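J.: Next input, structure requested:
(2 chains)
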Amino acid sequence: MSTTVTTPAAKPPALGLRLPKKLATGSTQLDIGIVLLTLVVLALVMQELFVTSAMLDGNLSKRLRWSGDGVGILGTDQLGRDLFYRVLAGFPWSLGISGVAVVMVATIGTFVGLIGAWYTGWVRTVVLLGVSAIIAMPFLVLALVVIALIGRGFWPLSLTMGGIAWPAISRVIYAESRGLLTREYVLAARLFGVSQWSILFGHVLPGLRPTILVMAAFYFATLLIIESALSFLGLGAPLNAPSWGNMLSDSRQYLVNAPWMMFVPAGAICASVIGLNLVGDGVAELSRRRARAVEV
Amino acid sequence: MTMQPSSPRVGNPEFLLEAKDLKVTFRAPGGKKLHAVDTITLGVRPRETVGLVGESGSGKSTVALTLMRAHEPEGGQIIFDGQDVTHLTYKELMPVRRRLQMVFQDPYSSLDPRWSIRRVIGEPLRAHKYGSRAKINERVAQLLQQVGLPPDAADRVPSQFSGGQRQRIAVARALALEPKALIADEPVSSLDVSIQAQIINLLRDLQERLGIALLVIAHDLALVHQISDRIIVMYLGEPVEEGPADEVVGKPQHPYTVALLSATPVPEPGGGSKRIVLTGEPPSPIYRPTGCRFHPRCPIARDRCKTEKPPLKEIGPNRRVSCFYAGEMPPPRDLWALENVPLPPGVERAPRPFAVGSSRAN
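T.: As a prediction, this is how the structure comes out:
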C-alpha cells in the first residue's frame, strides 16, 4: 500500500480567534475598534480605581462651568458635579447593563435557535412562531411596558433588555444552524450514534462561533443605545445614577448654556458603539478569511 | 451477541446485511411522491463485497442511507445480523451502528474542518464509550497506521490533508469500532483518478485483513467490478440486473448495463469500439415511465416494453435480470481484450479486467 504521505509542515491554523496575535495582520477597522474599546476598558478600570463617591458630589457654586478654578477638564453639570468623573462612573452603568443584556441575548438566542433548528415538527413551529411574535412587537414599547411593571434599576433594566432582544439572534442562529446541520459530518456523527447534545455542542456550536461573536458585538452596541434611550426617557437607571442616558436627559435643558453636558456622555456612547461595531465588522472579516482557509 | 435472547434470528441466515422489498419515497413539491427506491431486495454476506451501480438519481445512495437508517423506508425490511432493524429507535440502534458503518462520498464535507484528526477518528469511539482517553488515543494511532497515515497526523486538521488522505481518515473513522459491515457511498468519485486506485486498494486490503462485508456504491461500473464479488445495477430506484461481478461485466444481459459498460473508456490504441450513447436524461422519479422504466432510452425497446413491466427473473445461479429481451443487445466490444493491455512497470495485473492497480503493486 502506498505510504508516501506528504503533508504540509505548516502549523495548524489558529482554532478560535486569537485577536492579539491577529492585530498586526488584521483589518484596519478591527485595529481602530480595538483601540477604541481598549480606551473604554481603560476608562472602566480607572473609574474603579480612582473615582470615589466624593468626586461625584455636586458643588452648586461651580454649576454649569466649562473651565475655571477647581473645575475638571470636562466641565460641570447643573448641580456642579464634575462631568469627567461622572462620565467615568457611567461606564459600569451603561456598559454593565448592556453587557449583562448582551450575554443573555447571545445565550438565549443561541439556545432557542439551536432547538428550533434541531427539532422538526411542532417544536420548530412553536419556536419560530414565538420568535416571530416577539420580533413583531416594537422593542422600545415592549421594554417600556415591562419596566413600568417591574420597576427600574440595574438588574430590571438589563434583564428586561436581555429578555426581549434575543429573538432576532435566534432567527440568525436558526438559519445558520440548519445549514450546519445538513453538513455531511453531522450526518456521519448521527450514523455513528453520537448523541444530540454532542452534535450540537461539538459540531454546530463551534461553527456558529463567528456568527455569535459578530452578532454579540453589534447587539452590545444596539443595547447600549437602547439603554441610553430608556434612561433618557426616565425609565432606565435610577435618577441619580450617572448613566449616560440620564446625563443626556439632564443636558437637554441646558443645551444652549452648557453644550458640553450633552457632548461628554454622547462622546462616550459614540466611542463605545463605534468601537463595538468596528470590532464586530473586523471579527466578521477575519472569520470569513479563516473560513476560506479552512473550507478550501 | 447484542440481541436479546428472546428475539430469534430473522431473515436469510446467509446474509449479514439484508434489505427485503425496500421502498423509499420522498415527498415532492405539490404533494407528489418521489419514488427514490422502489423496490430493491439485496443481501451482503460476511466477508463479501457487493457493488451497487447506477447513474446519479438511480437511488443507490438512498439505499445506502436507508440501510444506515438515515431515511425511513416506506416499506420493506432491513435486517442486520439476524435482527430486524427497520423500526429500531435511535437508542436501540446503538449496538447495530457499532457493527455497521459508512464511508461518505466527499471527504471534504464528511470531516468537521474545525476538528483535529484525533478528535475526528475518536468520535465514534467516544460515542460508544470505548474507554479512557489514553485507550482512545492508542486506538486512533493504530487506525492511522492501518490506513497508511503517519502518527503525527492525529494533531492536524482536515484542511492540511489532500482528498485521498482525507478519505483514508474517513475510512479509519468508519473502522474505529471494528464493524462487521461497511457501506461505502461513492468512496472515490470525488477523488483524482490517480488517488482512486489507492483508496480502492485500501478498502480491498482492509477487507481481506479484517474480514468485513462491503457494500460499495458507485456510478463507475469498471471500478466497482474491480473490487466486487457481486454487482447490482440499479435504474430509477430498482435493480435491473444482478449477478457475480465477472458475469455482469463480461456478459451483460440488460441493455442498460451494456450502455453503462460502453461508457467506460478503453485504454487501447484506436479507442476500442463504438460507444452506445444513451439519449436523454434519466426520467424523473416523480413521473416514472409506464412499463419498463428504461424503455424511453432503450435502444432495443419494443411495444411490449411500453405497457408491461418486466419482472426481475432468475436466469442463472445468483443471476437476475429484468428485461424481456435480455441478452439481445450485444456488448459493445470484447471486454476481456483489456487483459492484453500492457501495464506500467511494477504493477501486477489484477485477476479481473478493468484493474486500476493491484493491492500489492504500490
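
J.: any chance you could map the strands in chain B?
T.: B:17-28, B:32-44, B:49-53, B:75-80, B:83-84, B:100-103, B:181-185, B:213-218, B:230-235, B:238-244, B:313-316, B:319-321 (DSSP state E).

J.: do the same with the stretch 51-200 of chain A
T.: Applying DSSP state E, counting those that start in this stretch to the stretch 51-200 of chain A gives no strands.

J.: which bits of it sit near chain B?
T.: Within the stretch 51-200 of chain A, the positions adjacent to chain B are A:183-185, A:187-195, A:198 by CB under 8 Å from any CB of the partner chain. Yep, even glycine has a C-beta here, placed from its N, CA and C like the rest.

J.: give me that answer again for 7 Å
T.: Applying CB under 7 Å from any CB of the partner chain, one finds that the stretch 51-200 of chain A approaches chain B through A:183-185, A:187-189, A:191-194.

J.: Now do the contacts for the nearest residue to residue B:315 once chain neighbours are set aside.
T.: Using CB to CB, 6 or more residues apart in numbering or on different chains and skipping the chain neighbours, the partner closest in space to residue B:315 is residue B:321 (5.7 Å). Listed by CB atoms under 7 Å, 6 or more residues apart in numbering or on different chains, the contact set of residue B:321 reads B:240-241, B:253-254, B:313, B:315.

J.: Check residue B:168 too.
T.: Counting by CB under 7 Å, 6+ apart, residue B:168 makes contact with B:147-149, B:202.

J.: Low-confidence bits of the stretch 151-300 of chain B, can you list those?
T.: Scanning the stretch 151-300 of chain B for pLDDT under 70 picks out the ranges B:264-277, B:279-280.

J.: so where do the helices sit in it?
T.: With helices called from DSSP state H, counting those that start in this stretch, the stretch 151-300 of chain B shows them at B:163-175, B:193-210, B:221-227, B:245-250, B:255-262.

J.: Same list, the ones you listed, but as JSON lines with distance to residue A:170 please.
T.: As requested, those are exported to JSON lines (distance: least, CB to CB, whole Å):
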{"stretch": "helix B:163-175", "distance to residue A:170": "33"}
{"stretch": "helix B:193-210", "distance to residue A:170": "42"}
{"stretch": "helix B:221-227", "distance to residue A:170": "46"}
{"stretch": "helix B:245-250", "distance to residue A:170": "53"}
{"stretch": "helix B:255-262", "distance to residue A:170": "49"}
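
J.: hang on, the earlier thing: any idea which of the contacts of residue B:168 is the one closest to chain A?
T.: When those are ranked by distance to chain A (CB to the nearest CB), residue B:148 comes first, at 4.6 Å.

J.: Backbone dihedrals for that closest one, both of them.
T.: Backbone torsions for residue B:148, taken as degrees, to the nearest 10, come to phi 80, psi 40.

J.: Residue A:63 too?
T.: Here is the backbone geometry of residue A:63 (degrees, to the nearest 10): phi -70, psi 150.

J.: What of residue B:220?
T.: Torsion angles, degrees, to the nearest 10, at residue B:220: phi -100, psi 100.

J.: rewinding a little: among the contacts of residue B:168, which two are most distant?
T.: B:149 and B:202 (10.6 Å; CB to CB).

J.: Give me the distance from stretch B:240-253 to the chain's centre.
T.: Centre-to-centre, stretch B:240-253 and its host chain are 16 Å apart (CA atoms, centre = their mean, to the nearest Å).

J.: list the contacts for the nearest residue in space to residue B:102 that is not next to it in sequence?
T.: Once flanking residues are discounted, residue B:102 sits nearest to residue B:183: 4.6 Å by CB to CB, 6+ apart. Contact analysis of residue B:183 by CB under 7 Å, 6+ apart lists B:64, B:67-68, B:102, B:215.

J.: which one of the contacts of residue B:321 is nearest chain A?
T.: residue B:240 (28.1 Å).

J.: Is that closest one in contact with residue B:254, as I believe?
T.: Yes - with contact defined as CB atoms under 7 Å, residue B:240 counts as touching residue B:254 (4.8 Å).

J.: Now the common contact residues for the two.
T.: Common contact partners of residue B:240 and residue B:254 (CB under 7 Å, 6+ apart): B:233, B:321.

J.: and the strands of chain B as CSV, adding distance to residue A:107?
T.: What follows is those, written out as CSV (distance: least, CB to CB, whole Å):
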stretch, distance to residue A:107
strand B:17-28, 36
strand B:32-44, 40
strand B:49-53, 46
strand B:75-80, 41
strand B:83-84, 43
strand B:100-103, 35
strand B:181-185, 38
strand B:213-218, 43
strand B:230-235, 48
strand B:238-244, 50
strand B:313-316, 63
strand B:319-321, 58
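
J.: of all the ones you listed, which lies closest to residue B:224?
T.: Closest to residue B:224 of these, according to CB to CB: strand B:49-53, at 3.4 Å.

J.: and the helix or strand residue A:48 falls within, what does it pack onto?
T.: Using DSSP states H and E, residue A:48 sits within helix A:28-50. Packed against helix A:28-50 by the contact rule (3 or more CB pairs under 7 Å, 6 or more residues apart in numbering or on different chains; DSSP states H and E) you find helix A:83-118, helix A:260-295.

J.: any idea of the angle it forms with helix A:83-118?
T.: Helix A:28-50 and helix A:83-118 are oriented at 120 degrees to each other (axes from the mean of the first three to the mean of the last three CA atoms, to 10 degrees).

J.: any idea which of the contacts of residue B:168 is closest to residue A:268?
T.: Taking the contacts of residue B:168 together and measuring to residue A:268 by CB to CB, the closest member is residue B:149, at 55.7 Å.

J.: Could you report the neighbour count for that closest one?
T.: By other CB atoms under 10 Å in any protein chain shown, the residues close to residue B:149 number 23.

J.: And residue A:63, by the same measure?
T.: Using other CB under 10 Å, residue A:63 has 15 neighbouring residues.

J.: any idea of the pLDDT on the nearest residue to it once chain neighbours are set aside?
T.: Nearest residue to residue A:63 in three dimensions, chain neighbours excluded: residue A:80, at 4.1 Å (CB to CB, 6+ apart). We have a pLDDT of 79 for residue A:80.

J.: Near residue B:145, how many other residues are there?
T.: Neighbours of residue B:145 under the rule other CB under 10 Å: 13.

J.: Chain neighbours aside, what residue packs nearest to residue B:260?
T.: Residue nearest to residue B:260 in three dimensions, not counting chain neighbours: residue B:221, with 4.8 Å by CB to CB, 6+ apart.
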